[in-house]
Structure formats: structure tokens, C-alpha cells
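**Student:** coords please:
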Amino acid sequence: MVNKSRKPHQLPPGRHGLSDDYVATNQRTRILAAVAEAVSANGYANTTVETIITGAGISRKTFYQHYSGKEDAFLAAFDSAVRHISTEVIGAYAAHDDYVEGARAGLECCLRVLAADPAVAAMVIIEVLAAGPEALERRRQVLGALTDRIARASQGLPETPIGPQLTAETIVGAVIQVIYNRVYRGEAERLPELLPDLLYSVLVPFVGHRRAAEERDKAVS
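**Tutor:** Numbers count the residues shown, from 1 in each chain. As a prediction, this is how the structure comes out:
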């Protein structure tokens with residue numbers, strides 16, 4: 001008889017012959033997914049360990065075998081999500097030698113990946129701000145690394161500003177704020193629609209209005 005209350009990702013009860021490593025990985029994966037869903041639905045402040053274990057379909061004992069508490073689980077979920085997003089975006093950017101093409105590919109990839117999982121988008125963009133000092137520090141490091149990458153890549157471009165680091169920091173902050181506003185309004189799935197205008201904003205300080213406008217028009221078509 002099939003247990004209809006058991007979720008597809010949950011392991012079968014009793015003896016299943018699966019290795020301890022496989023079981024532990026499965027449990028952690030379910031916990032991290034449950035963290036994103038819980039904080040997206042309830043906000044970080046209103047999320048509890050009980051909410052997470054219910055969503056993950058595990059026992060309290062199992063939860064504490066992997067994480068010391070809600071904050072620990074959130075940080076692990078944030079790190080996992082950022083690694084996934086970063087891998088996808090850097091791969092898309094690195095596939096192009098030209099800065100403009102790379103910027104377009106990386107930005108498009110970022111918007112698409114966030115749109116594909118609104119719960120993760122809410123976790124890494126919004127709820128991280130409420131998750132305490134360590135979460136804020138990890139966010140700062142992520143945005144700092146992105147800023148440094150843009151500043152380095154912009155060297156030698158036609159309109160390279162006098163202060164490329166500050167320009168890159170301004171761009172990153174502005175783009176994150178625009179994404180924040182859309183995710184906050186429950187419009188994460190529509191993030192790819194922002195590509196043309198965001199691409200223009202990202203490019204114009206480095207390649208000038210004409211080239212940036214041309215790239216925006218390409219992204220619209």
C-alpha cells in the first residue's frame with residue numbers, strides 16, 4: 001500500500017538498504033529546501049524549527065543531527081543557494097570573451113535562475129536581511145565579490161569611469177534593489193522581463209549610451 005502522506009522526496013520507512021551518506025545528503029537537501037519555503041512563506045522571524053521539520057518531513061532529532069538551530073540551517077541554505085546561482089551565472093558570463101556579451105548572458109542567467117525558484121529568491125534577496133549579523137556578512141561578501149568581478153572586467157572598456165570600483169558597487173546595489181522590489185511584490189517569476197532595462201543600466205557606464213541602447217534593443221527583440 002502506498003503511503004499517500006509521504007512526499008516524493010522522502011525516503012521509504014524501515015530498512016531500505018540505502019547508505020548512510022545517501023540518507024544524510026537526502027535529509028540535508030530536504031531541510032535546505034524546507035528552509036527556503038518556510039522563510040519565503042512566513043518570513044525569517046516567524047519561521048521555527050518546527051516549521052522547517054514539518055516541511056522537510058523529518059524528525060526533530062534528525063534536524064539537530066545536521067544543524068544546531070534555525071540560524072545554522074538558514075546559513076547553510078543561503079550558502080547552498082548562492083553557490084548554485086554563482087556557478088550558473090559565472091558559467092554563463094565566462095562563455096563569452098566580450099564583456100558586453102558576457103554581461104548580458106550573466107544577467108539573463110541570474111534573472112532566470114531566481115525566477116525559477118521564487119522561494120529561494122525570497123530567501124537570498126529579502127529574508128537574508130532579517131537573519132542576523134552572520135547572514136548579513138555573508139551577503140556582503142557575495143555582493144563584494146560580484147562588485148570586484150565587474151570592476152576588474154570593466155578595465156579597458158571605451159567608457160571606463162575614473163572610479164570603476166565605486167561604479168561597479170553602485171550598479172550592483174541598484175540591480176539588487178530592483179530585484180528586491182519585484183520579489184517583495186511577489187513578482188519573482190517575472191524577473192526575466194527586466195533584462196533589457198537592467199542590461200542598459202549595467203552597460204552604460206562602461207560602453208556609453210549608444211552601445212548600451214543597442215544591446216537593450218537586442219534584448220527586447
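
**Student:** Name the SS class of residue 47, please.
**Tutor:** Three-state assignment for residue 47 (DSSP: H, G, I helix; E, B strand; the rest coil): coil.

**Student:** per the record, what domains does this protein have?
**Tutor:** 20-69, 71-220 (automatic domain parsing).

**Student:** would you turn the ones you listed into CSV with mean neighbour count and mean pLDDT?
**Tutor:** Backbone N, C-alpha and C define where each C-beta goes, glycine included. Converted to CSV, those look like this (neighbours: other C-beta atoms under 10 Å; pLDDT from 0 to 100):
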stretch, mean neighbour count, mean pLDDT
domain 20-69, 17, 95
domain 71-220, 17, 93
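
**Student:** Okay, helices next: where are they in this structure?
**Tutor:** 20-42, 49-56, 60-66, 70-94, 99-116, 118-125, 133-153, 164-184, 195-220 (DSSP state H).

**Student:** so what does the first one touch, helix or strand wise?
**Tutor:** Helices and strands touching helix 20-42, by 3 or more C-beta pairs under 8 Å, 6 or more residues apart in numbering; DSSP states H and E, are helix 49-56, helix 60-66, helix 70-94, helix 118-125.

**Student:** Okay, angle between the first one and helix 70-94 too, please.
**Tutor:** To tie it back to what came earlier, the one meant is helix 49-56. 50 degrees (axes from the mean of the first three to the mean of the last three C-alpha atoms, to 10 degrees).

**Student:** And the contacts of helix 49-56?
**Tutor:** 27, 30-31, 33-35, 37-38, 42, 59-60, 62-63, 69-70, 73 (C-beta atoms under 8 Å, 6 or more residues apart in numbering).

**Student:** swap the cut-off to 6 Å and go again
**Tutor:** Under the criterion C-beta atoms under 6 Å, 6 or more residues apart in numbering, residues 30-31, 34-35, 37-38, 60, 63, 70 lie in contact with helix 49-56.
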